[in-house]
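S.K.: using only what follows, build the 3D model:
(one chain, ligands or ions: 1)
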Amino acid sequence: MFLKRIELQGFKSFADRTVLQFDQGVTGIVGPNGCGKSNINDAIRWVLGEQSTKSLRSGTAMSDIIFSGSEVRKPVNLASVSLVFDNTQRIFATDFDEVEITRVIRRNRDAQYLINRTPCRLKDVTDLVMDTGLGRDSLSIITQGNISSFADAKPEDRRSLFEEAAGVAKYKKRKKTSLAKLEATQANLERLQDILDELERQLGPLEKQAEKARRYISLRDELSSIEITVLADEIGSLKEQVSQLEQDIDHSRIQEGRMSEDIQRKEASVADLRRETTELDSRILELQKQYAANLQERVSLEKRKTQLDEQRRRLLESGSDEDRRSQLQALASEARLEYEDRLDRLNSLEQTRQETEKNLADLRQKQEVLQKERSTASNRLQDLQRRQDTVTAMLRQPYTHQQGVNAVMKARQSLQGIEGTAAALLQPKEGMGSAVNAALGGAVFNIITTDEQCARGAIRFLKRNRSGRATFLPMSVCRPRFPKKDQETIAQAAPGAVGWAADLVDCKDRYRNVRDRLLGNIFVCDTLEHANETARRLKYGIKIVTLDGDIVHTGGSMTGGSQKQGSSLLTLQDEQRQLEKRAADAQTAVQELSRSLAPLESQVQQVQEELVQLQVERAKLENIAALKKEKYESLKSRLAAAGEEEDRQAVQDSLAAELSRMHRTIDGQESQMNALQQHRRETGESLTGLEEEIRILRRDLSALQNESRKGEVAAAGLKSRMESLLMRLNTDYTMTYEFALTQKRDVDLEQARIRVRELREEIREIGSVNLDAPEEYDALHERYADLKKQKEDLEEAGTRILSAISEMDETMTTQFDEMFHKIDHELDGVFSAMFGGGHARLILTDPEDLLTSGVDIDVQPPGKRVKNIQTFSGGEKALIAISVLFAILKARTMPLCIFDEVEAALDQANVERFARYLSKFKEDSQFIVVTHRPGTMEQCDDLYGVTMQKDGVSTILKVRLEDAREMAASA
Ligand SMILES: Nc1ncnc2c1ncn2[C@@H]1O[C@H](COP(=O)(O)OP(=O)(O)OP(=O)(O)O)[C@@H](O)[C@H]1O
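M.R.: Numbers count the residues shown, from 1 in each chain. Coordinates of the predicted model:
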C-alpha cells in the first residue's frame, strides 16, 4: 500500500471534508454518472500539481475547482486536498515514513502547496513525485480518454508514455531546463558579444588616446624632473648676470659722475686758458708792433751807418791824415763799443740763464712735492672706492645670513603686505647707525607686515618652501612704547645724553608706530661711562645704547665690543654714507692737487724751453762778441801802428751807440716776444690738449653712457626672462626659485637643456591630450576583460550544459532503449493474453534517433490481418492500449495506478479479462479504479460508493460488491 488516504474538502462536488482510506490491492470507486467519482481522480492530479483547468475539467480559473454551491448549499471559499502516502519503501526520496502532500486554494488567491504540512513550492512537489510514476502526465493516472486516444495518437505523442515508463522524465525536464539555460546562455553570450564588439570599437581609439596621454605624462614628468634643475640653473645664472650687470652699471655711473666732474673741471680750465690766450695775443700784437717799428728804426740806422761807413772808407782811403786818424779812432771806438755791448748782453744773458735754471729747479721741486701728494691722495681715493664697492655689494644682499628674511624679501612681490625689514624702514640719522643697530638688536631683521594675515601668509610661504624662519611685526597690532615722564626728564638731564633712539631715525609717517614700538623707550648716550651713569640714575629701568653700539640693558647687564664688519644693514648704511663723504673729500683733494700741478707743469715746460732759447742766444752772442772783439783788436792795432790813441769820447752820440741800443732793445723785445709766443704756443697747446681731452672724455662718457644704457636694457631683458622663468616655475611646478634650488639634481646641464628642448618639441607634437584617457581606458579595458571572462565562463558553462545534455541524452537513450525493449518484450505476451492469441510488437519510427523517435504498434489479433491500427474498433483499440499499459506495468513496477473507467469501451468478456489481468499486479502495485463495470468491481478488494444527493454534494462510503453492482446498475 502506497497511497494511504485522500482527504478532500471544498474540492469540486466534495464540499464537505471527505476522507478515503485505501488499502492494499485494488480499490474500486463506483457510483452513478455525475456523482463525483472522477473528481477524486482530478483531486489527485490537482494535488500533484496539475495546472491545466481544462484537463481538470474545470472553468477558466483554478479557483473554479472550489465547490461552487448548489440550490441548497452555499459555495465554499476554500478547496483543500491532501494525499497521504506510505513511504516506508522510500518511494519518495525523503527520510519520512509518511508523506502528506496538500494543495489548498482560496477564492481569488493562488494555490498553496504543503509537504508534511510545511508550505513549499510546486517545484518541490514536482521533484518529489518525479520518476515515481506519479505526476501530472504520468502513466499512474489513466483515464478513459487516455485509453481511447492511445491508438489514434501520433507515434510521437505516444512516446511520452514510454518515456514515463523509462523514468527519463527527470532527464527530460533537466534537459529542458538545461536547454533553457543553454538558450539563456546563448542569449547572454550574444548580448555579451554585442557589448564586447562595442567595447572593442571604443577600446581601439581609447587605447591610442591613453597611450598618447601616458606618453604625454611620461614626457611631462621627465620634463619636470629635468626642467626644474634647468630652470633653477638658468634663473641662478640670470641672477648672477643681472647682479654683474647692475654692478657694472653702478661702476659706470660712478665713473660717469667722475668723468662729468672732470669735464666740468677741464672746461673751466679751457675757459681760463682762452682768456689767457686772448690776453697773450693782444700783448704779443702790441709787442710785435713795437718790434716792427724798432726793426724799421734799426734798418734806417743801419742804412745811415752803411752810408757813414762808406764815407769813412772813402775818407780812410783818400782823406787827409786827420780824416783817416779821426775815422780810425771813431771806428776803433765803435768796435769797442760794439764789442762791449755784445759782452754786456752776453753777461746779462748768462745771468738770465742762471736765474732761469734756478727757477726751473725750484719749480721742479715744487712739482715733485705736489705729485707725491697727489699720488697719495689718489691711492686713498682708490682704497675708499674699493670699500665703497664692497659695501654697495653687501647692501645689495643685506640678508645673506638671514635665510628666512632673505627668502621673504626676495619673494615680496608675490607675497602680500610685506612692507620691509625694520632695518630698511628705519633710517638712522648721520652717525647713529651703530647706536640704532644696537638699540634694535635682533629686531633689526623683523619683517614689518601690514597685518597678521600677511604675516601668516609669509610664514606659510617659508614653511612650504622650507626657506628658514623670520620674525614678523604686523603693523595692525603694533603698539608704541614710551618712557615714563620721570624717566624722560632724568635721561634728558643725564651727562652725555644724545636722545631717545626713536628720535634718531627717519621714517615714513606710517611706520611711526613701528619705530616707537622698537625704539620708543631706548635711550642713547655718547659713551659707555655716561650710559652707565644714566642707567644708574634711571635705576636700570631703561635700555641704554652708546654711539659705538655698546649696550646697558635694563637691569644693568652690558653688551659691547667690536662690531663685525658689515654685520648689520644699519652700520653698513652708515659706513656707506661716511665712505661717500670721505671719497668725495679725497676726490676733491686729488682734483685740487691736479689743478695746482697743471700750471706748474706748464711753467716747468716753459722755463725749460726758455732755458734752451737762452742757451741758443748765448751761443749766438758769443760768436758775435768774438767777431766784435776781433774787429776791435784789429782796429786797435791799426791805430797803434799809426801811433794814435783811441778816442773814447768819439762814440758818445755816435750812430753805433744808437744802433747798439737799438740792438739791445730789439734783443729784449725779441726775447720777450719769444717768451710770450712760447707761452702763447704752450697755452694754445694746453688748450688744444684740454679740448682734445674733453672731446675724448665726452666720447668716453657717451660710450660709457651707451654701455650703461645697453647694460640697463640687457639687465631689463635678463630680468624679464628671469621673471618669465620664475613665473613658469610658479605656474608649472608651483615652486619658488629657492625651493627649486633644493630640488636641483646633479645632471649634465648642457645635455639637460637639449633634452628639455627635445621634450618640449615632443610634447608640442603630441598636441591635444585627454588626460583622463588612461583611467578611462583602464576602466573600459577592465570592463572588457570582465565581460570577456564572463563570456568565457558562459562559453564554458554552455559547453558544460551541452556535455550534460549529451550525457542526459545518452542516459535517456539507454534507459529509453532498455525500457522500450522490455515493454516490447512483455507486450506480445500481454497482447496474446488480452486478445486470446495473436501478436503485437512495438516499432520505433526512427530507430536511429531514440531521443525523438515515435512509437508505433504493430498488432495482429488472432485470425486478423490488420495492417493499420486505425482500422480497429473502439473496443479493440482500448484493449490494445490496455495491453500496452499492462506491458508497461510488467516492465516497470508502479507503486500506484489510478484507472478512471479505462475499461469502459470493453465488452463484458474483455472487462473480465482485463480485471483478472489487473489483479495479477496488485501484489506489487496499488490500484484505484473508477469503474461502472461489475466485472472490474468483482476484482476489487475494496469498494467505495460515491453518491450525490440533491444538495449537489458528493458523499462517499464503503460498499459491498452487491451494493456496488446495484449502484452500477442504477447508473
Ligand atoms: N466546482 C464544483 N462545485 C460543485 N459541484 C461540482 C463542481 N465541479 C463539478 N461538480 C459536480 O461534479 C459532478 C461531476 O462529477 P464527476 O465527473 O466526477 O462524475 P462521475 O461520477 O465521474 O460521472 P460519470 O460516471 O458520468 O463519469 C457534476 O455533478 C458536477 O456538477
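S.K.: for the ligand, give me its nearest residue in the stretch 51-200 of the chain.
M.R.: Here the residue of the stretch 51-200 of the chain nearest the ligand is Ser68; by C-beta to the nearest ligand atom that distance is 4.0 Å. In short, each C-beta sits where N, CA and C put it, glycine included.
S.K.: secondary structure class for the residue lying closest to that residue once chain neighbours are set aside?
M.R.: Among residues not flanking Ser68 along the chain, Pro75 sits closest, at 5.1 Å (C-beta to C-beta, 6 or more residues apart in numbering). Under DSSP: H, G, I helix; E, B strand; the rest coil, Pro75 falls in the coil class.
S.K.: shouldn't Pro75 be in contact with Gly69?
M.R.: Yes. Counting by C-beta atoms under 8 Å, Pro75 does reach Gly69; the two are 3.4 Å apart.
S.K.: what pLDDT does Lys212 get?
M.R.: On pLDDT, Lys212 comes in at 89.
S.K.: let's have the chain start at 565 instead
M.R.: With the count now opening at 565, the last piece we talked about shows up as Lys776.
S.K.: pretty sure it sits against Ala1337.
M.R.: Yes. Under the criterion of C-beta under 8 Å, Lys776 makes contact with Ala1337 at 7.1 Å.
S.K.: what about these two, which has more around it?
M.R.: Of the pair Lys776 and Ala1337, Ala1337 is the one with more neighbours under other C-beta atoms under 10 Å, namely 21 against 17.
S.K.: residues touching that one, list them.
M.R.: Each residue near Ala1337 by C-beta atoms under 8 Å, 6 or more residues apart in numbering is listed here: Leu770, Gln773, Ala774, Lys776, Ala777.
S.K.: what helix or strand does whichever residue of the stretch 815-964 of the chain sits closest to the ligand sit in?
M.R.: In the stretch 815-964 of the chain, the residue that lies nearest the ligand is Tyr963 (108.9 Å; C-beta to the nearest ligand atom). Using DSSP states H and E, no element contains Tyr963; it sits outside every helix and strand.
S.K.: and the next helix or strand past the longest helix along the chain?
M.R.: In the chain, assigned by DSSP state H, the helix with the most residues is helix 733-882. Of the helices and strands lying after helix 733-882 in sequence (DSSP H and E), the nearest is helix 885-960.
S.K.: taking the mean pLDDT, what do you get for that following helix?
M.R.: Mean predicted lDDT for helix 885-960 stands at 87.
S.K.: by how many degrees do that helix and helix 733-882 diverge?
M.R.: Helix 885-960 runs at 170 degrees relative to helix 733-882, counting by axes from the mean of the first three to the mean of the last three C-alpha atoms, to 10 degrees.
S.K.: helices and strands around the helix or strand that helix 885-960 is followed by, which ones?
M.R.: Using DSSP H and E, the helix or strand that follows helix 885-960 towards the C-terminus is helix 967-974. Secondary-structure packing of helix 967-974 (3 or more C-beta pairs under 8 Å, 6 or more residues apart in numbering; DSSP states H and E): strand 982-985, strand 1011-1013, helix 1016-1028, helix 1301-1307.
S.K.: pLDDT-wise, which helix or strand of the protein ranks last?
M.R.: The helix or strand of the chain with the poorest confidence is helix 1525-1534; it has a mean of 79 (mean pLDDT, DSSP states H and E).
S.K.: so how far is that one from its chain's centroid?
M.R.: Put simply, helix 1525-1534 sits 104 Å off its chain's centre (C-alpha atoms, centre = their mean, to the nearest Å).
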